[in-house]
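A.B. asks: I'd like to go over a predicted model; first the sequence, then the structure.
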There are 2 protein chains.
Amino acid sequence: YRCIQREHLSSSFSSSMADLKSTFLNVYSVLKSDLLHDPSFEFTDESRLWVERMLDYNVRGGKLNRGLSVVDSFKLLKEGKNLTEQEIFLSCALGWCIEWLQAYFLVLDDIMDNSVTRRGQPCWFRVPQVGMVAINDGILLRNHIHRILKKHFREKPYYVDLVDLFNEVEFQTACGQMIDLITTFEGEKDLSKYSLSIHRRIVQYKTAYYSFYLPVACALLMAGENLENHIDVKNVLVDMGIYFQVQDDYLDCFADPETLGKIGTDIEDFKCSWLVVKALERCSEEQTKILYENYGKPDLSNIAKVKDLYKELDLEGVFMEYESKSYEKLMGVIEAHQSKAIQAVLKSFLAKIYKRQK
Amino acid sequence: YRCIQREHLSSSFSSSMADLKSTFLNVYSVLKSDLLHDPSFEFTDESRLWVERMLDYNVRGGKLNRGLSVVDSFKLLKEGKNLTEQEIFLSCALGWCIEWLQAYFLVLDDIMDNSVTRRGQPCWFRVPQVGMVAINDGILLRNHIHRILKKHFREKPYYVDLVDLFNEVEFQTACGQMIDLITTFEGEKDLSKYSLSIHRRIVQYKTAYYSFYLPVACALLMAGENLENHIDVKNVLVDMGIYFQVQDDYLDCFADPETLGKIGTDIEDFKCSWLVVKALERCSEEQTKILYENYGKPDLSNIAKVKDLYKELDLEGVFMEYESKSYEKLMGVIEAHQSKAIQAVLKSFLAKIYKRQK
Ligand SMILES: [Mg+2]
Ligand SMILES: [Mg+2]
Ligand SMILES: [Mg+2]
Ligand SMILES: [Mg+2]
Ligand SMILES: [Mg+2]
Ligand SMILES: [Mg+2]
């Protein structure tokens, strides 16, 4: 950990958010530098530059919520005890592994969805000279996770569990992507394939495991816990992830685009959104016909008809009800947990998302 | 291992090649069935069918050389002792993990290279209804490897080393792909980027580790060996992999297409082939000009000019010389090895490729 000392990470021990974020970003520089000098590969100058640019473009630029939540969660599990410099570095490194995992999924997802922008800039595969090389860059991002884990965690007693964890969560995410892709794209656009059960499966596997369970599971492993004793923690985090994605679907249509920071496109994209699923549940025959005729079409008039129908069906009210019921249920489960430290971790996740507007 | 007994694998204990291959294929069915009922994911009927079709299309259809060589190598390491049924099953499973790894790389490589056919059928992404979903299928293939390793090897003392091995070899292969892609595609076609040093790097990383080192490393781990004590074995296998790829480049231009089973396209594809690198080394100024003007162009007249130049420069002779020198060098290293069993493994690899015509 000489690198960190050289960069004076130790001076940012304070727990303020700004300091945490700058510590976290310093760890990024260390990890990147390790990867650019990995002895398992003989870089050419060109390829080293390529990887550096690719990492800065795709990994560093996110909101870092998932990554930072590893450090936050680990602190809460330590119940106020000061973290050692090594613990800070390692919890940041695990946070970055999740950011790398997310970057990997997003780079490839944007190709598969033929998307245009991501985080306010062109998708990586649309950058000149990149194109389909982005597929291999996605693969590299994924492989970097295991280089980081091996370099910094190989001698830890929880190393095997950590590797198994990342592999299992990656598998579940890829499976979620698969049902998303084949439900949305296979054959003709057909609303009859959409139901609450398929929606739940898509969001649970595609989002919840890596965004909610994985950060806490990393923190638990660092704290010396056995994940098999925390199936209840996994379940509540997965439920929180589903609730988070329902909010995402709701905001896509009903949020103020100014506040949200983007204009939703789920309706024209024929997405298996919670809203369309709920609409299908509540539609009369007449209304079902309107939905089938207008969902998944690009014209503003089609979109407007779908939005009008959503209002007619009071999906705003249905969502409010879902939101408060979910909150109560999650809180009930959390407060029944025997460990106050774990309660604190779970409550901090819930607090971050309850009634969010963006 | 009830599954295997049910399928009477035990009746095919004989060491004949045909029996080995049918045992190997039976293990495929077992592994596939496990994956289609993996408890970490809630399959829909549609997604289960999708995965089954994808596996049969991309994994089962290869020549299986790499996979079978794990079993062969393990047998040689056991020096004639009979393998237990579990050892047969596990060595086949590791062989299949390499086949899965290869399928993963090929599915994605064909998209990046915009290829048309693979193993005599359309590339997976060109199959109707597949398209860019093939990217996620590649990811799934990769994830299956770790599902197989976890299910069957989690309790083995060499489990961590096995997982680290697959991760490191995958990383090296992805790095080889990267330099291949950026050397071949970045910017304009420019022969001045091609040299023996870049060629060696591309083929060593892209091919040699996973095709030559990985099968033997798997067998060594199963035999209880520590891979850190076998760096010399790694080095000789990597050298053999480089030699194998030089043959591949040679055959692409000089083999009888009937025997080879395909028509080479390295010249028109502007590939960083060993032949063009050797030609560049040996060209006069005049000849260099011809090479620059004709390499990487689709017309038959351009291709013919390059082939004529190769003949003028006696690249056939240069290759023959390279081939016999490589063989002598490899044999020298192999025969100096202290273990007769390891010598036998290495010799069996070399015998399979020396002076091959396809
Ligand atoms: Mg997308
Ligand atoms: Mg998508
Ligand atoms: Mg959304
Ligand atoms: Mg190719
Ligand atoms: Mg290629
Ligand atoms: Mg070739």
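C.D. replies: That came in fine, so what should we check first? Numbers count the residues shown, from 1 in each chain, chains lettered A, B, ... in the order given. Ligands and ions are numbered 1, 2, ... in the order given.
A.B. asks: Contact residues of the stretch 1-150 of chain A facing ligand 1?
C.D. replies: A:Asp109, A:Asp113 (Cβ under 5 Å from the ion). (Each C-beta comes from the backbone N, C-alpha and C, glycine too.)
A.B. asks: Closest approach to ligand 5 from the stretch 1-150 of chain A, which residue is it?
C.D. replies: A:Asn136 (8.9 Å; Cβ to the ion).
A.B. asks: ok, that residue to B:Asn143 distance?
C.D. replies: Distance, A:Asn136 to B:Asn143, by Cβ to Cβ, to the nearest Å: 17 Å.
A.B. asks: A:Lys347 now?
C.D. replies: 33 Å.
A.B. asks: Comparing the two, which residue is more hemmed in?
C.D. replies: B:Asn143 (23 against 17; other Cβ atoms under 10 Å in any protein chain shown).
A.B. asks: what's the angle between the host helix or strand of that one and helix A:133-153?
C.D. replies: Per DSSP states H and E, B:Asn143 falls inside helix B:133-153. With axes from the mean of the first three to the mean of the last three Cα atoms, to 10 degrees applied, the angle from helix B:133-153 to helix A:133-153 works out at 30 degrees.
A.B. asks: Please identify the buried residues of helix B:133-153?
C.D. replies: When burial is assessed from 16 or more other Cβ atoms under 10 Å in any protein chain shown, helix B:133-153 yields the following buried residues: B:133-150, B:152-153.
A.B. asks: Taking the stretch 51-200 of chain A, what residue is nearest to ligand 6?
C.D. replies: Closest point on the stretch 51-200 of chain A to ligand 6, by Cβ to the ion, is A:Asn136, at 18.2 Å.
A.B. asks: Can you tell me which residue is spatially central in chain A?
C.D. replies: A:Ser211 (3.8 Å; Cα atoms, centre = their mean).
A.B. asks: ok, that one to A:Gln172 distance?
C.D. replies: 12 Å.
A.B. asks: Let me know the secondary structure of A:Pro298.
C.D. replies: coil (DSSP: H, G, I helix; E, B strand; the rest coil).
A.B. asks: Now do the residue lying closest to it once chain neighbours are set aside, the pLDDT please.
C.D. replies: Nearest residue to A:Pro298, sequence neighbours excluded (Cβ to Cβ, 6 or more residues apart in numbering or on different chains): A:Glu268, at 4.9 Å. At A:Glu268, the model reports a pLDDT of 94.
A.B. asks: what do you get for A:Cys3?
C.D. replies: 43.
A.B. asks: mind checking the SS state of the closest residue to ligand 3 within the stretch 251-358 of chain A?
C.D. replies: Nearest to ligand 3, among the residues of the stretch 251-358 of chain A, is A:Asp252, at 4.7 Å (Cβ to the ion). Assigned state for A:Asp252: helix (three-state reduction, three-state DSSP).
A.B. asks: quick one, what contacts the residue nearest to A:Pro122 when sequence neighbours are not counted?
C.D. replies: Leaving out its chain neighbours, the residue that sits closest to A:Pro122 by Cβ to Cβ, 6+ apart is A:Val116, at 7.0 Å. Residues in contact with A:Val116 (Cβ atoms under 8 Å, 6 or more residues apart in numbering or on different chains) are A:Pro122, A:Cys123, A:Arg126.
A.B. asks: As a markdown table, those residues with secondary structure, neighbour count and distance to B:Tyr104 would be great.
C.D. replies: Formatted as a markdown table, these follow (DSSP: H, G, I helix; E, B strand; the rest coil; neighbours: other Cβ atoms under 10 Å in any protein chain shown; distance: Cβ to Cβ, whole Å):
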| residue | secondary structure | neighbour count | distance to B:Tyr104 |
| --- | --- | --- | --- |
| A:Pro122 | strand | 15 | 27 |
| A:Cys123 | coil | 21 | 23 |
| A:Arg126 | helix | 17 | 25 |
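A.B. asks: and of those, the nearest to ligand 2?
C.D. replies: A:Cys123 (11.7 Å).
A.B. asks: tell me the contacts of A:Gly131?
C.D. replies: A:Phe125, B:Phe185.
A.B. asks: how much space between it and ligand 4?
C.D. replies: 15 Å (Cβ to the ion, to the nearest Å).
A.B. asks: now that residue, what's its secondary structure?
C.D. replies: Relying on three-state DSSP, one would call A:Gly131 coil.
A.B. asks: Touching, the residue of the stretch 51-200 of chain A closest to ligand 6 and B:Ile179? I think so.
C.D. replies: No: counting by Cβ atoms under 8 Å, A:Asn136 sits too far from B:Ile179 to count as a contact (10.3 Å).
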